[in-house]
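*Asks:* Any chance you can model this:
(one chain, ligands or ions: 2)
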Amino acid sequence: MHTLYNSIIQNSSASSDIKEIAKKILSGGRITTDEALVLYQKAPLGLLGMLAFAVKESKTGKKVFFNRNFHIEPTNVCVNNCRFCSYKKPQGDAQAWELSLDEILHQVKRYKDSHATECHIVGGVHPDRDIDYYCNLIREVKNIIPGIVVKAFTAVEIEYMVNKAGLTLKAGLEKLKAAGLESIPGGGAEIFDEELRAQICPEKTKSAKWLEIHRTAHQLGISTNATILYGHLETYAQRIDHLNRLRTLQDETHGFSAFIPLKYRHENNSLSNIGEVPLLEDLKNYAISRIFLDNFPHIKAYWVMSGLETTRLALQYGADDIDGTVNDSTKIYTMAGVEGKPVMTVEQIVDLIKSENLIPVERDTFYNIIKEYND
Ligand code: V47
Ligand code: SF4
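*Replies:* Ligands and ions are numbered 1, 2, ... in the order given. Down below sits the predicted model:
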């Protein structure tokens with residue numbers, strides 16, 4: 001396989017430094033931050049796609065993963081004021097919601113017979129909710145749907161509830177784990193560069209703390225994901241710095257399952273005037289993420305955020321997971337301007353993956369295979 005790839009590189013019009021980096025990638029080598037910058041600045045997109053696909057193939061072959069999931073968003077009231085956020089609304093606003101436990105559980109009951117294997121719970125950082133409330137919520141969800149995996153709370157929500165309870169991070173996470181928390185989503189990472197972070201989300205969990213929360217979760221056997229928010233004010237060097245901090249932590253803990261690039265969507269927030277980056281930038285970013293994060297098992301193209309066409313293309317640029325059915329249960333991206341309802345049937349997901357000549361694989365949260373659709 002690599003003989004073919006190598007001859008494509010040899011015959012490509014790429015510069016000699018790019019060809020050297022490409023050969024290193026194909027022989028399983030790890031690229032440096034400087035090499036990643038060269039790729040961002042001048043590698044042809046077609047070559048990046050080929051390299052990222054080769055890396056993806058060496059990890060998961062032709063498989064592309066998805067799951068059956070739904071989201072619960074308990075509230076969009078939040079103590080923070082991230083400039084890119086279209087979701088947070090002040091208490092009492094017509095678009096604000098603060099669901100009671102009963103209202104949330106009423107929603108959960110709707111998915112009782114949906115065969116969902118994962119309940120994803122994420123919301124704003126509500127000033128009046130505490131860790132006991134959230135532990136109770138996890139237990140009640142599991143009472144209603146026994147066996148479901150609860151993947152819940154970004155590091156930002158966790159920092160707030162643990163501090164409020166006066167617990168150490170380890171004790172707080174242990175308490176959540178004892179209540180049934182098995183996985184933590186990747187949100188809240190945004191961009192780690194301290195200066196830019198202070199501009200776009202000044203009150204949010206600091207970068208070092210975000211990483212510490214994920215490190216502690218990994219040490220307790222809680223798997224987590226990681227994200228980057230890209231396409232706003234960041235430079236390529238800042239994206240690479242972000243990836244590098246994640247790669248370094250993953251070398252230490254091996255606790256991350258998936259990396260999810262999230263493209264900044266510009267409607268209804270205070271950064272709206274900067275617009276959105278074009279599709280080519282999305283594909284480049286998927287590809288370089290796949291190549292650079294050589295120790296991450298999965299790269300997820302979150303279809304709800306990227307839309308179906310970009311998701312389909314992302315599968316040729318290194319992504320091997322497209323998230324799940326979602327069941328029309330999240331509002332983060334519709335409020336930021338993404339069109340269409342966030343729901344796909346299993347059949348639609350399977351067709352989308354097959355249309356790229358790849359093999360759809362239904363997974364659970366931990367990437368255990370539930371069913372391969374390889375007929
Ligand atoms: O941290 C907020 C992002 C994230 C906007 O782990 C925005 O499986 C784009 O992390 N444009 C939360 N993005 C969502 C998240 C996530 C989603 C799906 C799956 C998983 C997983 C994690 O949403 C936030 C922030 O980076 N976000 N506003 C916006 N205007
Ligand atoms: Fe709050 Fe999250 Fe929105 Fe930031 S992105 S304001 S933490 S809901």
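*Asks:* What is the lowest-mean-pLDDT helix or strand in the chain packed up against?
*Replies:* Counting by mean pLDDT, DSSP states H and E, the weakest-scoring helix or strand in the chain turns out to be helix 2-11, with a mean of 77. Other helices and strands packing on helix 2-11, by 3 or more CB pairs under 8 Å, 6 or more residues apart in numbering; DSSP states H and E, are helix 16-26, helix 45-60. Any C-beta I mention is one placed from the backbone N, CA and C, and that applies to glycine too.
*Asks:* swap the cut-off to 6 Å and go again
*Replies:* helix 16-26 (3 or more CB pairs under 6 Å, 6 or more residues apart in numbering; DSSP states H and E).
*Asks:* pLDDT wise, what is the residue lying closest to Glu203 once chain neighbours are set aside at?
*Replies:* Nearest residue to Glu203 in three dimensions, chain neighbours excluded: Asn80, at 4.5 Å (CB to CB, 6 or more residues apart in numbering). pLDDT, Asn80: 98.
*Asks:* Surely Asn80 touches Ile200?
*Replies:* No - using CB atoms under 6 Å, Asn80 makes no contact with Ile200, being 11.2 Å away.
*Asks:* Please list the residues of the stretch 201-350 of the chain that sit near ligand 1.
*Replies:* Asn225, Thr227, Leu229, Ile260, Leu262, Tyr264, Arg265, Asn269, Tyr302, Asp323, Ile332, Ala336 (CB under 6 Å from any ligand atom).
*Asks:* show me the contacts for the second one.
*Replies:* Counting by CB atoms under 6 Å, 6 or more residues apart in numbering, Thr227 touches Gly186, Gly187, Ala189, Ile260, Leu262.
*Asks:* Doesn't it belong to a strand?
*Replies:* Yes - using DSSP: H, G, I helix; E, B strand; the rest coil, the assignment for Thr227 is a strand.
*Asks:* thinking again about what came up before, tell me which of the residues of the stretch 201-350 of the chain next to ligand 1 fall in strands.
*Replies:* Residues from those lying in strands, with DSSP state E as the criterion: Asn225, Thr227, Leu229, Ile260, Leu262, Asp323.
*Asks:* Which residues outside stretch 63-79 are in contact with it?
*Replies:* Residues contacting stretch 63-79 (CB under 6 Å, 6+ apart): 87-89, 91, 96-99, 104, 111, 115-118, 120-121, 123-127, 315, 320-322, 324-325, 327, 329-330, 349, 353, 358-359, 361, 363.
*Asks:* Tell me which residue is most central in the chain.
*Replies:* The residue lying closest to the centre of the chain (CA atoms, centre = their mean) is Ile260, at 3.1 Å.
*Asks:* Might you report the residue contacts of it?
*Replies:* Ile260 touches Gly186, Thr227, Lys300, Tyr302, counting by CB under 6 Å, 6+ apart.
*Asks:* cool, Ile299 as well?
*Replies:* Contacts of Ile299 (CB under 6 Å, 6+ apart): Phe259, Ser289, Arg290, Gly318, Ala319.
*Asks:* what's it sitting at in phi/psi?
*Replies:* phi -120, psi 120 (degrees, to the nearest 10).
*Asks:* show me where the stretch 1-150 of the chain has strands.
*Replies:* For the stretch 1-150 of the chain, the strands defined by DSSP state E, counting those that start in this stretch cover 63-67, 69-72, 118-121, 149-152.
*Asks:* ok, back up a step: could you pick out the buried ones from the contacts of stretch 63-79?
*Replies:* 87-89, 98-99, 104, 111, 116-118, 120-121, 123-126, 315, 320-322, 324-325, 327, 329-330, 349, 353, 358-359, 361, 363 (16 or more other CB atoms under 10 Å).
*Asks:* Can I have the buried ones of the residues of the stretch 201-350 of the chain next to ligand 1 as a ChimeraX selection?
*Replies:* Applying 16+ other CB under 10 Å to these, the buried members can be selected in ChimeraX as follows:
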select :225,227,229,260,262,264,265,269,302,323,332,336
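*Asks:* Could you dump the residues of the stretch 201-350 of the chain next to ligand 1 into CSV and include pLDDT?
*Replies:* Shown next, in CSV, are those (pLDDT from 0 to 100):
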residue, pLDDT
Asn225, 98
Thr227, 98
Leu229, 98
Ile260, 98
Leu262, 97
Tyr264, 96
Arg265, 95
Asn269, 95
Tyr302, 95
Asp323, 96
Ile332, 80
Ala336, 84
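*Asks:* Any stretches of the stretch 1-150 of the chain with poor pLDDT?
*Replies:* Low-confidence segments of the stretch 1-150 of the chain (pLDDT under 70): 1-2.
*Asks:* what do you get if the cut-off is 50, keeping everything else the same?
*Replies:* Across the stretch 1-150 of the chain, the ranges flagged by pLDDT under 50 are 1.
*Asks:* what residues does it put near ligand 1?
*Replies:* Counting by CB under 6 Å from any ligand atom, the residues of the stretch 1-150 of the chain near ligand 1 are Phe84, Cys85, Ser86.
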